[in-house]
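Asks: can't give you the sequence, but here's the structure:
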């Protein structure tokens, strides 16, 4: 009996040792890294089978037994995962329980227009292009903003997503982010601001974003446009004209372009254009609602990214001669 008991104990110890070795031993992968996709509602047995089918050389029943033995089989989360070389059954289960999905990123850049946003989404790896076939109006309706222009409505930032996620989900997050940042900026607007509603701040911020070459000039540029709005002067800003020209713009802004009326031509029309012309960042939003105090009504690029500000037209013309015409 004693010998039998010793044999049983040794066998159990050996089995336990083998199990512990297996749990902490790297899994055999068909490639340096394999992708694993777990759909919502998949059972623990189904997860084990999916792991084996993804390129992990493991016996599904053995992996399923480990899931059950751990007591965490019901805590495995759906998602897209990457199993890398060196992963063990122990670390794999930990990853699945924590929901440590394999994430990709796409960056939306300050000053981009919506056409550029769509191009970035189309080029993002393993992001489902659900918005690609939608018109701008249909896309905004899908996002719950029917009748709202898409231009400028998405906050520029880097967004992470799981493999196979819809690009509409990324856009929805960017839309909510812009809502939040716009509301925060609007709450900080100066009491004497000529802007009457947040949408106007978004439009002005988009112009400030496109006109700013040097960050230290941003608030002053916003101050010039604010002064012009107060006195009823046309904004006369080239980026709005270029935006109105659309894809026909060839990179060379001509006098006839400044004279060709479009809803966005701020040379032919007073006030703000009907929509933003790009995505403004947080700094541009804050500058639009709380611009620098200045008596300047004009500015011109110096050619080094900074701007020269002038109070009078004569002074502005001299600055144009100096920095633009090199006279």
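Replies: Looks like it arrived, so ask away. The model shown is predicted, which means the values in this text are computed figures rather than measured ones. Numbering: from 1, shown residues only.
Asks: ok, and the helix or strand in the protein with the lowest average confidence?
Replies: Least confident helix or strand, the chain: helix 2-23 with a mean of 60, by mean pLDDT, DSSP states H and E.
Asks: Could you pull out the strands in the stretch 51-200 of the chain for me?
Replies: 56-57, 79-84, 103-107, 158-162 (DSSP state E, counting those that start in this stretch).
Asks: Phi and psi next, for residue 214.
Replies: With angles defined as degrees, to the nearest 10, residue 214 sits at phi -130, psi 130.
Asks: should've said residue 28
Replies: Its backbone dihedrals place residue 28 at phi -90, psi 120, with angles given as degrees, to the nearest 10.
Asks: Roughly how far does the closest residue to it other than its chain neighbours sit from residue 30?
Replies: Leaving out its chain neighbours, the residue that sits closest to residue 28 by Cβ to Cβ, 6 or more residues apart in numbering is residue 57, at 4.0 Å. All C-beta atoms are positioned from the backbone trio N, CA, C, and that covers glycine. According to Cβ to Cβ, to the nearest Å, residue 57 stands 7 Å off from residue 30.
Asks: and if you look at residue 114?
Replies: 41 Å.
Asks: who's more crowded, the two?
Replies: Neighbour count, other Cβ atoms under 10 Å: between residue 114 and residue 30, residue 114 has more, with 20 against 9.
Asks: Please list all residues in contact with the spatially closest residue to residue 113 that is not a sequence neighbour.
Replies: By the measure of Cβ to Cβ, 6+ apart, the closest residue to residue 113 outside its immediate chain neighbours is residue 278, 5.2 Å from it. Applying Cβ atoms under 8 Å, 6 or more residues apart in numbering to residue 278 gives the contacts 110, 111, 112, 113, 151, 152, 206, 209, 210, 239, 243.
Asks: And the strands in the stretch 201-327 of the chain?
Replies: Going by DSSP E, counting those that start in this stretch, the stretch 201-327 of the chain shows strands at 298-301, 307-310.
Asks: how many other residues sit next to residue 173?
Replies: Around residue 173 there are 16 other residues, counting by other Cβ under 10 Å.
Asks: Distance of the closest residue to it other than its chain neighbours relative to residue 168?
Replies: Leaving aside its sequence neighbours, residue 173 sits nearest to residue 159 (Cβ to Cβ, 6+ apart; 5.9 Å). Distance, residue 159 to residue 168, using Cβ to Cβ: 12 Å.
Asks: more crowded one of those two?
Replies: Ranked by neighbour count (other Cβ under 10 Å), residue 159 and residue 168 place residue 159 first, with 23 against 17.
Asks: contacting residues around the residue nearest to residue 147 when sequence neighbours are not counted?
Replies: Ranked by Cβ to Cβ, 6+ apart and with sequence neighbours excluded, the top spatial neighbour of residue 147 is residue 140, at 7.5 Å. By Cβ under 8 Å, 6+ apart, the contact set of residue 140 is 146, 147, 148, 149, 150, 153.
Asks: Could you report the separation of residue 169 from residue 34?
Replies: 24 Å.
Asks: Between those two, which has more neighbouring residues?
Replies: residue 34 (19 against 15).
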